[in-house]
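S.K.: okay, sequence plus prediction incoming.
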Amino acid sequence: MDDLFKGRHFDREIIVLCVRWYLRYKLSFRDLVEMMTERGLSLAHTALVQTA
């Protein structure tokens, strides 16, 4: 499992959380960026596209 997240810029937990919210609640990448910003993480919606 760790090999799937090797070389990523964010912790595995953050990536899994974003993917879960994206799939479960049909959020846009920009929605996820806004939610992560509220939690103190700075990222661009293009960073999410690369990990999805």
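M.R.: Ah, there it is.
S.K.: C-alpha only now, for contacts and for neighbours.
M.R.: OK.
S.K.: list the contacts for residue 3?
M.R.: Listed by Cα atoms under 8 Å, 6 or more residues apart in numbering, residue 3 has no contact partners.
S.K.: and the gap between it and residue 13?
M.R.: Noted for residue 3: a distance of 14 Å to residue 13, by Cα to Cα, to the nearest Å.
S.K.: just residue 6 next, same as before
M.R.: Separation of residue 6 from residue 13 (Cα to Cα): 13 Å.
S.K.: mind listing the helices for the protein?
M.R.: Using DSSP state H, the helices of the chain run over residues 12-25, 29-38, 45-51.
S.K.: format these as JSON lines; extra columns: mean pLDDT and mean neighbour count.
M.R.: Listed next are the helices of the chain as JSON lines, based on pLDDT from 0 to 100; neighbours: other Cα atoms under 10 Å:
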{"stretch": "helix 12-25", "mean pLDDT": "87", "mean neighbour count": "13"}
{"stretch": "helix 29-38", "mean pLDDT": "88", "mean neighbour count": "16"}
{"stretch": "helix 45-51", "mean pLDDT": "60", "mean neighbour count": "12"}
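S.K.: from residue 37, how far off is residue 44?
M.R.: 10 Å.
S.K.: can you check residue 22 too?
M.R.: With distances taken as Cα to Cα, residue 22 is found 15 Å from residue 37.
S.K.: now do residue 29
M.R.: 12 Å.
S.K.: go on, residue 43?
M.R.: Note on residue 43: its distance to residue 37, by Cα to Cα, is 8 Å.
S.K.: what do those two both touch?
M.R.: When contacts are counted by Cα under 8 Å, 6+ apart, the set common to residue 43 and residue 37 is empty.
S.K.: phi and psi next, for residue 42.
M.R.: Main-chain dihedrals, residue 42, degrees, to the nearest 10: phi -110, psi 120.
S.K.: does it touch residue 36 like I think?
M.R.: Yes. Counting by Cα atoms under 8 Å, residue 42 touches residue 36, with 7.1 Å between them.
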